[in-house]
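Undergrad: my questions are about this predicted structure, shown below with the sequence.
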Amino acid sequence: MADAAIRDQSELIQDVIRRRADEIPKTDTENDVEEVNIGARLHQLRKSRKLTLQDVSKVTGVSASAFSKIERNELSPTIGTLQRIAQGLGIELPALLNGQETVLGTYGRRSVNRAGAGNAHDTMTCANVLLCSDMRNKKMTPILTNVTARSPDEYSIWAKSEAEIFLMVVEGTLVVHSRLYEPLELKQGDSMYYDANSEHVWTSAGEANAKVLWVLVVP
């Protein structure tokens, strides 16, 4: 497993990126689960903005060496790390992962995510599916995650961001590990709300993977 350490939290500088809204407004959308080459996607975004690795490190808080490894697919970033990168690059997390956003009407917006659909992003510790990823400029990012990790040692980077997180355990038993608190065990039906500005990771307890429905909100 690649060895990386992202401990220092740099100021996140968010550039205003003007996007073209030339798609026809849609109401209901259905997306098949797709995986994206996140390394190639980040390399393309960095080059299109004419940023060096040092530049992107300053605006995302992710070290240049770690970002380089992510681009080469030698390091699997957590959703929290990807959120920091997205915020620093001035792009929404779903757009970072799939490059596709649907411009919906100003009023009465909605996005429908059918069972088994979504935008997949798997890491070495979690299998994530971003839900309703077609809606642009939303305040919340809903995610369905199967936690495959059984030990905090499986994480090369502990997640940390300016986000706030709400989660509910749908199946199995989840253990939330934090630098501030003792490990917290959450069972099916349990829920939790916390600030993600301290390092944290999730693991599953028992043979079955914990399935978690969670919402990521960036102030």
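TA: Nice, I can see it. Residues are numbered from 1 along each chain as shown.

Undergrad: this protein: helices as residue ranges?
TA: Secondary structure of the chain (DSSP state H): helices located at 38-48, 53-60, 64-71, 79-89, 93-98.

Undergrad: figure out which of these is closest to Ala210.
TA: The minimum distance between Ala210 and the helices of the chain falls on helix 79-89, with 15.0 Å, by CB to CB. In short, each C-beta sits where N, CA and C put it, glycine included.

Undergrad: how about low-confidence regions in this protein?
TA: Along the chain, segments meeting pLDDT under 70 span 1-36, 98-107, 219.

Undergrad: what number of residues lie near Ile53?
TA: Small correction: residue 53 is Leu, not Ile. Using other CB atoms under 10 Å, Leu53 is surrounded by 15 other residues.

Undergrad: now do Gln188
TA: Burial measure for Gln188: 13 neighbouring residues, criterion other CB under 10 Å.

Undergrad: all strands of this structure, in order?
TA: In chain order, the chain shows strands spanning 34-35, 119-122, 126-130, 140-147, 164-171, 173-178, 184-187, 191-195, 200-205, 210-217, with DSSP state E as the criterion.

Undergrad: need those in TSV with distance to Gln83, can you?
TA: TSV is the format used below for those (distance: least, CB to CB, whole Å):
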stretch	distance to Gln83
strand 34-35	18
strand 119-122	11
strand 126-130	11
strand 140-147	8
strand 164-171	10
strand 173-178	17
strand 184-187	21
strand 191-195	13
strand 200-205	13
strand 210-217	6
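
Undergrad: now distance to Val59 and mean neighbour count too, for these, in JSON lines please.
TA: Output for the strands of the chain, formatted as JSON lines (distance: least, CB to CB, whole Å; neighbours: other CB atoms under 10 Å):
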{"stretch": "strand 34-35", "distance to Val59": "26", "mean neighbour count": "12"}
{"stretch": "strand 119-122", "distance to Val59": "21", "mean neighbour count": "20"}
{"stretch": "strand 126-130", "distance to Val59": "22", "mean neighbour count": "21"}
{"stretch": "strand 140-147", "distance to Val59": "20", "mean neighbour count": "20"}
{"stretch": "strand 164-171", "distance to Val59": "21", "mean neighbour count": "18"}
{"stretch": "strand 173-178", "distance to Val59": "26", "mean neighbour count": "20"}
{"stretch": "strand 184-187", "distance to Val59": "32", "mean neighbour count": "15"}
{"stretch": "strand 191-195", "distance to Val59": "22", "mean neighbour count": "13"}
{"stretch": "strand 200-205", "distance to Val59": "23", "mean neighbour count": "22"}
{"stretch": "strand 210-217", "distance to Val59": "19", "mean neighbour count": "20"}
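
Undergrad: wait, which of those is closest to Ser63?
TA: Across the strands of the chain, Ser63 has its closest neighbour in strand 200-205 (18.4 Å, CB to CB).

Undergrad: wait, what's in contact with Trp214?
TA: By CB atoms under 8 Å, 6 or more residues apart in numbering, the contact list for Trp214 reads Pro142, Ile143, Thr145, Ile165, Phe166, Leu167, Met168.
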